[in-house]
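In: Below are the sequence and a predicted model for it; my questions follow.
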Amino acid sequence: MLTQNDVLEYTGMHGHMIRVLWIDRAQALAWTYRLASPSALPEPTPLHDLEDLLRGGGARRLLVDPFAAAPPQEPVPQGYLALQAKAWSAVRTLHTDRQALYQPRERAILIAGYAAAHGISKSSILRYLHRYWERGQTPDALLPDYGNSGAPGRTRAVTAGIKRGRPRKGEATGTNADERMRAIFRAAAARYAASHDDFSRRAAYRQMLGDFFQGQDAGGLPSFGQFNYWLERDAAAPPAVTLTRPSAPLPGRAAPRFAHHAAMP
């Protein structure tokens, strides 16, 4: 079953990728966004068309989102947090009515109204939306790109053949949690949260093993400890109430730190 934020890749020589922004089950529509296309805007597609495409091999669902914004490294400059908060406020407000936002005429009216009320240019607001849709529909997508050269808290690089962390009990040596593995952890947590009202890391871990590691030797499987640790480290928590109700206050502290990285429902 398709879920919000799934990334689909069309097969063939000129295959492109789309993100499922939202599924309107009442209308049996999936609103999609073409990735890596600067002029892309939300488009409606009959839900059964996409499901038929997947079943027939015309497209495949990517288990790891190649466009998702990576969790920020610490410390995040306060100026960047302020820019993120400004962008998130606009994006969250405009998503209060997705059906209107996704329609060209209504979108123009909504953007113009927000721009006039908050003194932000319409082009800046549209840029916020594009960035949000492109990079995974999370607050982290709105954080400006920046370099981080600080050593404290820095993640050690993966060296082939050498496993980081304490040895496991038993014979299985396990596997390193490199960037690809951490992306799988975040994707697995998001997929579990999208289909369950109550988030359980143990259950999300078990589902991840079935979805991503079927048939793999035990020695190559990530441990629950790794899964749990990197969800904490990357702040890949299940959706919080403050992100599921667009009218709620901004999450975080006085200087907002967006600790939750789940897409809006």
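Out: Looks like it came in fine.
In: Who does the closest residue to Asp6 other than its chain neighbours form a beta bridge with?
Out: Closest residue to Asp6 apart from its sequence neighbours, by C-beta to C-beta, 6 or more residues apart in numbering: Val20 at 4.6 Å. Placement of C-beta: from N, CA and C, glycine included. Beta bridges link Val20 to Thr32 when assigned by DSSP bridges.
In: Just to check, Val20 is in contact with Trp31?
Out: Yes: using C-beta atoms under 8 Å as the test, Val20 is close enough to Trp31 to be in contact (7.4 Å).
In: which residue ranges form the helices in the chain?
Out: Secondary structure of the chain (DSSP state H): helices at 47-55, 78-94, 98-101, 104-118, 122-134, 179-195, 201-212, 224-233, 241-244.
In: So which of those helices is nearest Asp145?
Out: Proximity to Asp145 (C-beta to C-beta) singles out helix 78-94 among the helices of the chain, at 9.2 Å.
In: now the closest one against helix 122-134, angle please.
Out: 90 degrees (axes from the mean of the first three to the mean of the last three C-alpha atoms, to 10 degrees).
In: Remind me what helix 78-94 packs against, helices and strands.
Out: Contacts defined by 3 or more C-beta pairs under 8 Å, 6 or more residues apart in numbering; DSSP states H and E place helix 78-94 against helix 104-118, helix 122-134.
In: Reformat the ones you listed as TSV; add mean pLDDT and mean neighbour count.
Out: Formatted as TSV, the helices and strands packed on helix 78-94 follow (pLDDT from 0 to 100; neighbours: other C-beta atoms under 10 Å):
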stretch	mean pLDDT	mean neighbour count
helix 104-118	97	13
helix 122-134	96	18
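In: Can you say which of those helices is nearest to Tyr10?
Out: Using C-beta to C-beta, the helices and strands packed on helix 78-94 put helix 122-134 closest to Tyr10, at 17.2 Å.
In: Give me the contacts around that closest one.
Out: 19, 21, 33, 35-36, 38, 40, 42, 67, 87, 90-91, 94, 111-112, 114-115, 138, 141-142 (C-beta atoms under 8 Å, 6 or more residues apart in numbering).
In: List buried residues within the residues you listed.
Out: 19, 21, 33, 35, 40, 42, 87, 90-91, 94, 111, 114-115, 138, 141-142 (16 or more other C-beta atoms under 10 Å).
In: According to the record, where do the domains of the chain fall?
Out: Listed by automatic domain parsing, the domain ranges of the chain are 7-61, 78-145, 179-233.
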